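[1] Mind folding the following:
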Amino acid sequence: MAGKNVVPSNNQITTEKLVMKDHELIMASYTLTVEEQRLILVCIEKAQRVQNPLNNDAIKISINVKEYADLCSVTMGAAYKALANSAEKLYDQSIKINDQGVRREVRWLQEKALYDSGKVTVTFSTMISKHIKDIVTKRSIYRLEQATQLRGQHAIRLFEILQIVIDPDTQQGEWVVTLAEFKDLLELPSSYDRWIDLRKRVIESSLAQINKNTSLKVEWEVAAKDGRQITAVKFTVFESNQMSLGLS
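    Next up, the predicted model:
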């Protein structure tokens, strides 16, 4: 995979609202609701923008309802509900991530998120904080507003993963992945074991959202079979508007 190993200036981060993640965090295995993913992305972007440099072992950041509503293009009522639900449930969610060659399962948060009067305060776990502030591996940078406009939990994950494969010089890339690895990354339940369900409900549904709502243009095809059984797929991705980020 080619990586967009680029660092925007502080002004670009402030004006563009960019999310920066290292590749190990992006390629970790986890499943979160759309609202939980949005909350994490909004918190990461704000922490990297307003708390530079990030020195604390555990990154702590607060997001209010108006910030969430504006960034995610939802009503204030929907924002109140999303923040309250995410604050209640996010502490119970875990992530399987590689750490110096060892796969570890850790919590996203160090402690339960605090929700009070339309504001949620999140304290990331030490492991997650390390991958946000130190950028342990190559990094990928993308617009927060594009990720938050996606309405499907799998679409957000696939959008992040496809950022990694884009070559910064050619603005395009390919990702060949086995179905076993694909389902592991997204932690898909057994209800997606049938190919037709995986294709329609995850791949085609997610790519339709990505192609419509982001600057990525993605196509897919079957990459490998074992007899009649499909075992791998290939995604071909093109970044149609990356230059407007001003990255080099």
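[2] Where does pLDDT dip in this structure?
    1-15, 51-56, 134-138, 242-248 (pLDDT under 70).
[3] where exactly do the helices run in it?
    Using DSSP state H, the helices of the chain run over residues 10-16, 23-26, 34-50, 65-72, 76-89, 126-133, 144-149, 153-165, 179-185, 195-198, 205-213.
[4] Pipe these into a markdown table and attach distance to residue 120 per row.
    For every residue, glycine as well, the C-beta is placed using N, CA and C. Shown next, in a markdown table, are these (distance: least, C-beta to C-beta, whole Å):
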| stretch | distance to residue 120 |
| --- | --- |
| helix 10-16 | 22 |
| helix 23-26 | 21 |
| helix 34-50 | 7 |
| helix 65-72 | 8 |
| helix 76-89 | 5 |
| helix 126-133 | 16 |
| helix 144-149 | 16 |
| helix 153-165 | 19 |
| helix 179-185 | 27 |
| helix 195-198 | 33 |
| helix 205-213 | 25 |
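[5] of these, which approaches residue 118 most closely?
    Minimum separation from residue 118 across those (C-beta to C-beta) falls at helix 65-72, 4.1 Å.
[6] For that closest one, which residues meet the burial criterion?
    65, 68-69, 71-72 (16 or more other C-beta atoms under 10 Å).
[7] now stretch 76-84
    For stretch 76-84, by 16+ other C-beta under 10 Å, it's 79-80, 82-84.
[8] Can you tell me which of these is nearest residue 133?
    Using C-beta to C-beta, the buried residues of stretch 76-84 come closest to residue 133 at residue 83, 23.4 Å.
[9] That closest one contacts residue 66, correct?
    No - the pair residue 83 and residue 66 fails to qualify as a contact (C-beta atoms under 8 Å) at a distance of 10.7 Å.
[10] Of the buried residues of stretch 76-84, just say which sits nearest to residue 210.
    For the buried residues of stretch 76-84, the nearest to residue 210 is residue 82 (21.2 Å; C-beta to C-beta).
[11] what's the burial count for the closest residue to that closest one other than its chain neighbours?
    Once flanking residues are discounted, residue 82 sits nearest to residue 35: 4.1 Å by C-beta to C-beta, 6 or more residues apart in numbering. Counted with other C-beta atoms under 10 Å, residues neighbouring residue 35 total 22.
[12] pretty sure residue 35 contacts residue 80?
    No - with contacts counted by C-beta under 8 Å, residue 35 stays clear of residue 80, the gap being 11.4 Å.
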